[in-house]
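# Take a look and give me a structure for this.
(chains A and B)
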Amino acid sequence: MRFRPAGPSALLVEVDSLAQVRALHARIEQERARGWAAGLVDVIPAARTVLLDGVADQSALAEDLRSWSVAPLATWSGRVVEIACHYDGPDLADVAAQWGVPPERVPAIHAGLDHEVAFCGFAPGFPYIAGLGGGHETARRDRPRSSVPAGSVALGDEYTGIYPRTSPGGWQIIGRTDAVMWDAGRDPAALLEPGDQVRFIDVTAR
Amino acid sequence: MMPASGEREVRVRRAGALTTIQDCGRPGYAHLGVPRSGALDAPAHHLANRLAGNPPGAAVLETTLTGVTVIAECAVTAAVTGARAVVRVDGEPGPSGEAIELGPGQVLEVRAARSGVRSYLAFSGGLDAARVLGSASADLLSGLGPARLADGDVLRLGPESRPGAGAPGALNGQPGCALGERPAATAADVGAGGPAELLIYPGPRHDWLASPGLAALQNGPWTVAPESNRVGLRLAGPAVQRRRGELASEGLVAGAIQALPDGNLVLFLADHPTTGGYPVIAVVDPSCLPACAQARPGSRVTFRLAQDPFRAG
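You can find the predicted model right below:
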């Protein structure tokens, strides 16, 4: 665990893997629920870091974190969310070429992987869903699209993302879902939160 | 048409270049990708509310460079703070930084900013706009909250507070609103006579700087580029060279200064994205963020390095 101050009142904690991020983030939320570090305003997990914003004493907080033994987690939130996906995206062939499989195999492979929301970012409700390990990491498009439709299911690096609203984007689009990723009038507004497991259901033929 | 009995409203005669509704924003949702948002010049926001008899975090108008004109549709106490701008009531000179009593039909005009960028207009009772995740702030990055003002809009006001509700400590249940003392000089005056000096802390990714490292930030001044907005200031100046490579996206705080591949800098303000992949080489002290909010395009800033607040050893 490495500690990097981000200004006078935030601390960026750096670890070595996504698995360590999820274990650390889960422990932080557990401790917060018990009243630890009451001044914290935002805790933002990412690929290799957890940012704690609203830190009164950076040294004391770092000492606490260092003293915890954070065991790897088997599962986290326990929530499983199913996403019905039409695998008919414009980049299926590119993804198939990167994976070295025929395009018609991509849906079964993608839906068969274990997916878990690592973090959110880019836009409200945009999930970075980890699960493309083992040779399924996917390079982004050379030229981003100026407009990616809401509901697009797309791959970038080790993640699957789902666009909550139409926006520019550079990820490889393999499909689309009718699931509403973000609804500010709903509670919770975000369909997927860090720690949720995601099961993609292939509904292309239906 | 007069509003129905009991309704309190103001009407927008001239919306200006970009006028939005702002309060203290949406702290606590960054892990879902929701920006903090909220008034950029927080002390000016709080002061306007206090003068209008509101809790400091109540929703106000935030203008951008060209001001705004509104018509009171009811008796209302208003206040204008922030950028230095001529204020007129029914065409006659009016005060800044003081309570203004308006009667039905009276016109309050805030002219173009002479120094600073953003004026804050508070109305007794506060603006009663629809809240998203607890806030009425317009977030221009993600599109949350009310639309920017348009000519002819009618803005509803809440009920006026009890006397004393605007006293220090009355935070209207909103987290993230620390109440400052009334500043002697406002942020709009910072940098009016020369470059604004911003206090910065190194890191978290200053190790991504190529030689000469952080010393590169003492070369300035940097010029605030015209494409700056509520998301951040774009700063053009001596190129800041960083090493090559890709950093995985990580969380961002307000005041974070990213080094872009082209050598320019971005200094993030309230509507900043929650995560980013360019290295953050330094973070501006929160006390300097109001001055950043009031830094006009073409104005200049320099950096002064603070002692590293923490050494992990």
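# quick one, helices of chain B?
Using DSSP state H, the helices of chain B run over B:42-51, B:289-293.
# just the ones you listed: most buried one?
For these, the largest average neighbour count (mean count of other Cβ atoms under 10 Å in any protein chain shown) is found in helix B:42-51, namely a mean of 27. C-betas here are computed from N, CA, C, even on glycine.
# check whether that one contacts chain A.
No - contact between helix B:42-51 and chain A, assessed by Cβ under 8 Å from any Cβ of the partner chain, is absent, since the two come no nearer than 14.0 Å.
# distance between that helix and the chain's centre?
Here the centre of mass of C-alpha atoms in helix B:42-51, compared against the chain's by Cα atoms, centre = their mean, to the nearest Å, lies 11 Å away.
# can you pull the contacts of the most centrally placed residue in chain B?
Against the mean C-alpha coordinate of chain B, by Cα atoms, centre = their mean, the closest residue is residue B:40 at 1.2 Å. Counting by Cβ atoms under 8 Å, 6 or more residues apart in numbering or on different chains, residue B:40 makes contact with B:22, B:62, B:118, B:230, B:269-270, B:289-290, B:292-293.
# With residue B:94 instead?
With contacts defined as Cβ under 8 Å, 6+ apart, residue B:94 is in contact with B:80, B:87-88, B:100, B:108.
# is it in a bridge, and if so with what?
When assigned by DSSP bridges, residue B:94 has beta-bridge partners residue B:87.
# Please identify which of the contacts of residue B:94 is nearest to chain A.
For these, the minimum distance to chain A (Cβ to the nearest Cβ) is 29.4 Å, reached by residue B:80.
# How many residues are close by the closest one?
With neighbours defined by other Cβ atoms under 10 Å in any protein chain shown, the count for residue B:80 comes to 29.
# where does the stretch 151-300 of chain B come near chain A, residue by residue?
B:175-176, B:201, B:203-205, B:248-253, B:255-256, B:273-275, B:280, B:283-286.
# Show me the residues you listed that map onto strands.
Of the positions in these, B:201, B:250-251, B:256, B:275, B:280, B:283-284 sit in strands, assigned by DSSP state E.
# domains of chain A?
For chain A, automatic domain parsing gives the domain ranges A:2-67, A:80-202.
# Could you list the low-confidence segments of chain B?
Across chain B, residues meeting the criterion (pLDDT under 70) sit at B:1-5, B:162-185, B:191, B:308-313.
# mind checking the longest strand of it?
Once chain B is assigned using DSSP E, the strand that runs over the most residues is strand B:107-123.
# Just name whatever secondary elements that one is in contact with.
Strand B:107-123 makes packing contacts with strand B:9-14, helix B:42-51, strand B:60-62, strand B:68-72, strand B:76-89 when contacts are defined by 3 or more Cβ pairs under 8 Å, 6 or more residues apart in numbering or on different chains; DSSP states H and E.
# re the thing from before, the domains of chain A into CSV, with extra columns for mean pLDDT?
Below are those laid out as CSV (pLDDT from 0 to 100):
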stretch, mean pLDDT
domain A:2-67, 94
domain A:80-202, 94
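# Go ahead and build a PyMOL selection from the buried members of the residues of the stretch 151-300 of chain B next to chain A.
Written as a PyMOL command, the selection of buried residues from these, which uses 16 or more other Cβ atoms under 10 Å in any protein chain shown, is:
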select buried, chain B and resi 176+201+203+204+205+249+250+251+252+253+255+256+273+274+275+280+283+284+285+286
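# close enough to count as contact, residue B:301 and residue B:198?
Yes - using Cβ atoms under 8 Å, residue B:301 is in contact with residue B:198, at 5.5 Å.
# quick revisit: show me what the longest strand of chain B pairs with in its sheet, parallel or antiparallel.
Sheet partners assigned to strand B:107-123 using DSSP bridges are listed as strand B:60-62 (antiparallel), strand B:68-72 (antiparallel), strand B:76-89 (antiparallel).
# That one to helix B:42-51, inter-axis angle?
Here strand B:107-123 runs at an angle of 100 degrees relative to helix B:42-51 (axes from the mean of the first three to the mean of the last three Cα atoms, to 10 degrees).
# buried sites along strand B:107-123?
Of the residues in strand B:107-123, those buried under the neighbour-count criterion (16+ other Cβ under 10 Å) are B:107-110, B:113, B:115-123.
# Ok, stretch B:204-214 next?
Going through stretch B:204-214 with 16+ other Cβ under 10 Å, the ones that come out buried are B:204-206, B:208-209, B:214.
# related to what we said a few turns ago, overlap in contacts, residue B:301 and residue B:198.
Among the neighbours of residue B:301, those also in contact with residue B:198 (Cβ under 8 Å, 6+ apart) are residue B:292.
# Between the two, tell me which one has more neighbours.
residue B:198 (28 against 25).
# Which residue ranges of chain A form helices?
For chain A, the helices defined by DSSP H occupy A:18-33, A:58-67, A:92-99, A:106-112.
# hang on, the earlier thing: out of the helices and strands packed on strand B:107-123, indicate the one that is most buried.
For the helices and strands packed on strand B:107-123, the stretch with the most neighbours on average is strand B:60-62, a mean of 30; neighbours defined as mean count of other Cβ under 10 Å.
# May I see the domains of chain A arranged in JSON lines, with distance to chain B and mean neighbour count as well?
Listed next are these as JSON lines, based on distance: least, Cβ to the nearest Cβ, whole Å; neighbours: other Cβ atoms under 10 Å in any protein chain shown:
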{"stretch": "domain A:2-67", "distance to chain B": "3", "mean neighbour count": "19"}
{"stretch": "domain A:80-202", "distance to chain B": "4", "mean neighbour count": "18"}
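# With distance to residue B:50 as extra columns, can I get those domains in TSV?
Formatted as TSV, the domains of chain A follow (distance: least, Cβ to Cβ, whole Å):
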stretch	distance to residue B:50
domain A:2-67	23
domain A:80-202	30
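# Out of the ones you listed, which is closest to residue B:96?
Between residue B:96 and those, the tightest spacing by Cβ to Cβ is seen for domain A:2-67, at 31.1 Å.
# List the residues that contact residue B:161.
Contact partners of residue B:161, counting by Cβ under 8 Å, 6+ apart, are B:53-55, B:124-125.
# From the chain's centroid, how far away is stretch B:107-117?
Remark: stretch B:107-117 is offset 15 Å from the chain centroid, using Cα atoms, centre = their mean.
# Please disregard the earlier target; I meant stretch B:283-298.
Shown here is stretch B:283-298, whose average C-alpha point lies 9 Å from the average C-alpha point of the whole chain (Cα atoms, centre = their mean).
# send the alpha carbons of that stretch over as CSV?
Taking C-alpha atoms only, stretch B:283-298 is exported to CSV below (Å, rounded to 0.1, in the frame of the first residue of the first chain):
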residue,chain,number,x,y,z
VAL,B,283,-3.4,20.1,-6.2
VAL,B,284,-4.4,23.7,-5.5
ASP,B,285,-5.2,24.5,-1.9
PRO,B,286,-9.0,24.7,-1.4
SER,B,287,-8.6,28.3,-0.2
CYS,B,288,-7.5,29.3,-3.7
LEU,B,289,-10.4,27.7,-5.5
PRO,B,290,-12.6,30.9,-5.3
ALA,B,291,-9.8,32.8,-7.0
CYS,B,292,-9.7,30.1,-9.7
ALA,B,293,-13.4,30.5,-10.2
GLN,B,294,-13.0,34.2,-10.7
ALA,B,295,-10.0,34.0,-13.0
ARG,B,296,-10.9,35.6,-16.3
PRO,B,297,-9.9,34.1,-19.7
GLY,B,298,-6.6,35.8,-20.6
